[in-house]
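Chemist: Based on what follows, work out the 3D shape:
(chains A and B)
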Amino acid sequence: MSKHPKSISRSRRISLIWRWVLAVVLVTFSVFPVLWIISASINPVNDLASQQLIPPNANFDNFKQLVSNPIFPFFTWLKNSLIVSTISTLLTLSLTTLAAFAFSRFRFKGRQSLLKSILLVQSFPNLLAIVALFTISKQIGDVVPWLGLNTHAGLILVYSGGAMGMNIWLMKGYMDTIPRDIDESAHVDGATDWQVFWKLILPLLRPILVVISILSFIGTYGEFIIARTLLTQREMQTVMVGLQIFTAGQYTKNWGVFAAGALIASVPIMVIYLILQDQIVGGLTQGSVKG
Amino acid sequence: MATNDTPTTGEFAKKTIKGAGNLLITLIILVVDFVLGLFAFKLFSLGYVPIGICIVLIMILISVAFLVPKAHMFKWMAVGLSAWLLFSIFPIIYTIYNAFTNYGDGHLITQAQAIKQIEAQTYLPETGKSYQWIAYRSPDNKYLLWLKDAEGNTSLVTQVDVEGAAEIPIVTGENGIGEIDAEGAPVTIEGYQRLNRILASTDKNLTKIKFGNPEKTIQVRSPSEAAELLPLYAYDAETNTFTDQLTGKVYYDQKGTYVAKTGQRLIPGYTAVVGMDNFVQFINSPGLRGPLVTIVIWNFIFATGSLLLTFSVGLLISIIYGDPKFKGKKLLRSLLLIPYTIPSLITILIWRGMFNPDLGIINRMLESVLNISPRWFTEPWLARAALLIVNTWLGYPYWMLVTSGALQSIPSDIYEAAEIDGASGWQKFWGITLPLLLVSVGPLMISSFIFNFNNFNLIYAFINGGPPIPTATTQAGYTDIIISYVYNLAFASGRGVQYGYASAITLLLFILIAIMSLLQFRFTNMWEEVGENV
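Modeler: Numbers count the residues shown, from 1 in each chain, chains lettered A, B, ... in the order given. The predicted structure is shown next:
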């Protein structure tokens, strides 16, 4: 407290210096794998063994290889991933919003026990029941082939059904914060439940809709093990499954191609993060962890 | 609405429209019910009873929601709840059920299917009705067989495994059949070569091929004779036993497998409830029990270690760089957030390449600087250390985000009061910052612990549970956590799938997670929140 002003500024400078040193160490740790993979992707030598951080003769051959590589149908996978994630997200969003509206606005028998069950069940990741999911898909597919194993529709159903609990909970919590006076006065004016939902509540839900759709999209896009179990044909697989299976083989010899694929596959999610960073942070701290 | 006034035309139209709307909804629901009913019926007829029941429940839920006026609020959630029922609840119940069955290799089908398959097994009788035969072979090794029985009846049959008619009429000019010889056999068949005795006796495939149809299968017995195959096992529905027609041995049903007194088993068995067998098997077998103990211990170490490391690094960053006077804070934050913005699977795979013991950058650097080359993928504790390093990288940004928000909400006058009392920076941290922080982020710490407890992606994609535990009788490794161990039990090829046993271990995992979740609910008052809103 009673230190000389000069010594304060000196200790401040020292603290600033070590802070910067630490910052450099931390940033190196955080950025290095990304720099490494960028470097690998533009390195004409495809091999992990001969990779250098600054590659000589850098070019985009690895990216070109992605277009026409028969063992690595990368853009088919990417397309599959985008389709599955988009449809799952839309389906989850519409089903959960409707259900959450009923939980938030109506009072009925069994409401509490249903909510509690939903809360308890959502803590079991549906990956745990993967054997059962596999069996369900297989048995459904024996009757309706386009909903069974090895179909995108089947996978979308599994994703949406599995995410239902957590999202209903998030959505209901948000709806509860919207005062019920709003809809009561609308009811007095003769509005139906549907009109209240569609015209009054839904527009107010924008922030939570954004959060749930981002989290749901990121979650399904990054998921690979259910997809891997349910989709067995190479052309049907999602990009995460493709990349994972690819690296399980002779990946060290095809490191450059993998790197190029990994970079492109990261783009959709990175873009979402850059644009919607603040909403994501808000959604994460509301109780869900990145999957 | 006034009751004694006659309704105006407008109101009347409204009512009519409403009535028509109700009728339309009823019709749609009837169609939906019909489709679901048909679906459930087909599931039942294939023997898939549990999932059939689930579909029936969904059918009832949808009908009640849309047709019973009092249950109108369920309209809003009927579809969502159906999806939840089918893909969240049902899998859990089904897993619990599976834990008490022998579902797995050799027991994958229903009893009816198993009986059918065993009944289809045949043998070639050494005596009995026989045929004269001539074989015809196509260039791609497809065969036709001409037969003549003792009464002189002739026929031309195809292989059992070929689609289409089992028998081809012997008529010249049809199906490529040429002239017919004195015996009644075609001299030529287009696309086939008639095999003479020498060719036929040197053809190794011929005696193995089954001709005709599944009900009447014919096989070549000797160069001069072919005979009809007979079912090897006769099923007696009353006693639920099979009897071997050759030896007379009787096979009794024992929990899904038909077993003879001598211990011989018929294949396949069927999925049956076996009670506590899976658990007993686990307790009695050191090859199963041993690995699981190792795995459970490591599972807790991994989840705790991951939480501590990610939390401390994240908190450290937000304390050191939370100072608003620190220049470049925003840029730094963005750079430090990078691990979070890439799908984790991709970065796990990148780290896997970097940790490669022979070729990866990490060992190349360690070799040139320290002249060491750790075997990351083969030494148990090195593999575990590598996993914790990677997980720290993946997880600290989350805690950086969470704690920087939580730190700002700690009122600054508490610190000022502490400073007046002469508290040092260290004392302030342990006495004020950490306790207050733990209160606000405690529930998130439990979520994070549960998440890492089941962090399958990292373990599986980085190292697939390896290095293997040598004493294990199934695929198990030193870095396996319960969920990856279960996955390999169920799906790893080569050693046979063991769904029942895998489900039994999943049950253990369910219990652990339920305890942790209930702890979390207690922490966050979520239970009470549900109640308050009523």
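
Chemist: so where is chain B shaky, pLDDT-wise?
Modeler: Scanning chain B for pLDDT under 70 picks out the ranges B:1-15, B:493-495, B:524-534.

Chemist: can you give me the strands for it?
Modeler: Using DSSP state E, the strands of chain B run over residues B:122-123, B:130-137, B:143-148, B:154-158, B:167-168, B:193-194, B:210-213, B:216-220, B:226-228, B:230-231, B:233-236, B:241-244, B:250-254, B:257-260.

Chemist: Kindly list the main-chain dihedrals of the closest residue to chain B within the stretch 151-291 of chain A?
Modeler: Among all residues of the stretch 151-291 of chain A, A:Gly161 sits closest to chain B, at 2.6 Å; criterion: C-beta to the nearest C-beta. (Each C-beta comes from the backbone N, C-alpha and C, glycine too.) For A:Gly161, the backbone dihedrals are phi -60, psi -40 (criterion: degrees, to the nearest 10).

Chemist: pretty sure it contacts B:Ile89?
Modeler: No. Proximity of A:Gly161 to B:Ile89 does not meet the contact threshold set by C-beta atoms under 8 Å, at 9.4 Å.

Chemist: out of these two, which sits in the busier spot?
Modeler: A:Gly161 (27 against 20; other C-beta atoms under 10 Å in any protein chain shown).

Chemist: ok, B:Gly176 - contacts?
Modeler: Under the criterion of C-beta atoms under 8 Å, 6 or more residues apart in numbering or on different chains, the neighbours of B:Gly176 are B:189-192.

Chemist: longest helix anywhere in chain A?
Modeler: Counting residues, the longest helix found in chain A (DSSP state H) is helix A:5-41.

Chemist: Show me how the record splits the chain into domains.
Modeler: Looking at chain A here, since you left the chain open. Each domain of chain A is listed here as a residue range: A:5-64, A:65-285, per automatic domain parsing.

Chemist: I was after chain B.
Modeler: What the record gives for chain B is the domain set B:9-98, B:102-121+B:234-275, B:123-231, B:284-528, from automatic domain parsing.

Chemist: Between the two ends of the third one, what distance do you get?
Modeler: Using C-alpha to C-alpha, to the nearest Å, the gap from the first to the last residue of domain B:123-231 comes to 6 Å.

Chemist: Report the rounded mean pLDDT for stretch A:130-145.
Modeler: Mean pLDDT, computed over stretch A:130-145, is 91.

Chemist: For that stretch, report the contacting residues that lie outside it.
Modeler: Under the criterion C-beta under 8 Å, 6+ apart, residues A:126, A:147-151, A:154, A:158, A:162, A:225-226, A:229-230, B:39, B:42-43, B:46, B:48, B:51, B:86-87, B:90-92, B:94-95, B:98, B:487, B:490-491, B:499, B:502-503, B:506 lie in contact with stretch A:130-145.

Chemist: Please apply the same query to stretch B:158-165.
Modeler: Outside stretch B:158-165, the residues that reach it (C-beta under 8 Å, 6+ apart) are B:142-144, B:166-168, B:209-214, B:217.

Chemist: out of the residues you listed, who has the most neighbours?
Modeler: With neighbours taken as other C-beta under 10 Å, the top of those is B:Phe211, carrying 28 neighbours.

Chemist: distance of that one from B:Thr158?
Modeler: For B:Phe211, the distance to B:Thr158 equals 7 Å [C-beta to C-beta, to the nearest Å].

Chemist: quick one on the thing from earlier: show me which parts of the longest helix of chain A are buried, residue by residue.
Modeler: Neighbour counts using 16 or more other C-beta atoms under 10 Å in any protein chain shown place A:23, A:26, A:29-30, A:32-34, A:36-41 of helix A:5-41 among the buried residues.

Chemist: so how far is that helix from its chain's centroid?
Modeler: How far helix A:5-41 lies from its chain's middle: 30 Å, per C-alpha atoms, centre = their mean, to the nearest Å.

Chemist: pLDDT of it, averaged?
Modeler: Per-residue pLDDT values over helix A:5-41 give a mean of 83.

Chemist: coming back round to it: what is the nearest of the contacts of stretch B:158-165 to chain A?
Modeler: Comparing the contacts of stretch B:158-165 against chain A with C-beta to the nearest C-beta places B:Pro214 closest, at 20.3 Å.

Chemist: quick one, what contacts the closest one?
Modeler: Shown in contact with B:Pro214 (C-beta under 8 Å, 6+ apart): B:120, B:160.

Chemist: Same check on B:Ala200?
Modeler: Counting by C-beta under 8 Å, 6+ apart, B:Ala200 has contacts B:134-135, B:206, B:223.
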